[in-house]
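Visitor: return atomic coordinates for the entry below.
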Amino acid sequence: MTAWQEVAIISANPETRGGLEKYLRGVGIAARGCRRLEDCADLTSASTLAVVLFPDDFAWEAVIATIAELARRCETTLRLLVTGQPKKYERLVEGRPNVVVVSRPAWGWTILDAIRSHADRTKTRRRGQVSS
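Guide: You can find the predicted model right below:
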């Protein structure tokens, strides 16, 4: 992973958000978090590799709107939903590329593995496009 790539974390719970930010920074990943879904757009840019969203912290309608907005704005960005209701969200995002649902509780390394896997796939795709 290159230094310019960032991970955005959206969770209303300060301990969840802060703990994951600290963990990711500890392994060399730039991470920024926010507690409001409305602030999600401010956290994402072309350098955002992944958005980690804890949807259980927010109203269903707001989560659906945010997932749709992220799909439009951040098509190649990994959208990682960490939830206690995985089946509900798996149905919602079924067939969408670059979306992963992780059951809660989730360890930091589970989230990190998903991010690294996405980064590896992204690198492979870019190399394949360059060599074609």
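
Visitor: C-alpha only now, for contacts and for neighbours.
Guide: Fine.

Visitor: all helices of this structure, in order?
Guide: 14-26, 40-43, 60-73, 86-93, 108-131 (DSSP state H).

Visitor: name whatever forms a beta bridge with the residue lying closest to residue 43 once chain neighbours are set aside.
Guide: Leaving out its chain neighbours, the residue that sits closest to residue 43 by CA to CA, 6 or more residues apart in numbering is residue 8, at 6.0 Å. Legend: beta-bridge partners of residue 8 under DSSP bridges are residue 32, residue 51.

Visitor: what's the pLDDT at residue 8?
Guide: What the model reports as pLDDT for residue 8 is 93.

Visitor: that one and residue 68, how far apart?
Guide: 16 Å (CA to CA, to the nearest Å).

Visitor: and those two? Which one has more around it.
Guide: residue 8 (25 against 13; other CA atoms under 10 Å).

Visitor: who's in contact with residue 102?
Guide: Under the criterion of CA atoms under 8 Å, 6 or more residues apart in numbering, the neighbours of residue 102 are 80-83, 86, 111.

Visitor: one more time with 7 Å
Guide: Residue 102 makes contacts with 81-83, 86, as judged by CA atoms under 7 Å, 6 or more residues apart in numbering.

Visitor: most neighbours, which of those residues?
Guide: residue 81 (25 neighbours).

Visitor: what's opposite it in the beta bridge?
Guide: Going by DSSP bridges, residue 81 is paired in beta bridges with residue 53, residue 101.

Visitor: so who does it touch?
Guide: So residue 81 contacts 52-55, 100-102 (CA under 7 Å, 6+ apart).

Visitor: most neighbours, which of those?
Guide: residue 53 (27 neighbours).

Visitor: tell me the contacts of that residue?
Guide: Here residue 53 is in contact with 9-11, 80-82 (criterion: CA under 7 Å, 6+ apart).
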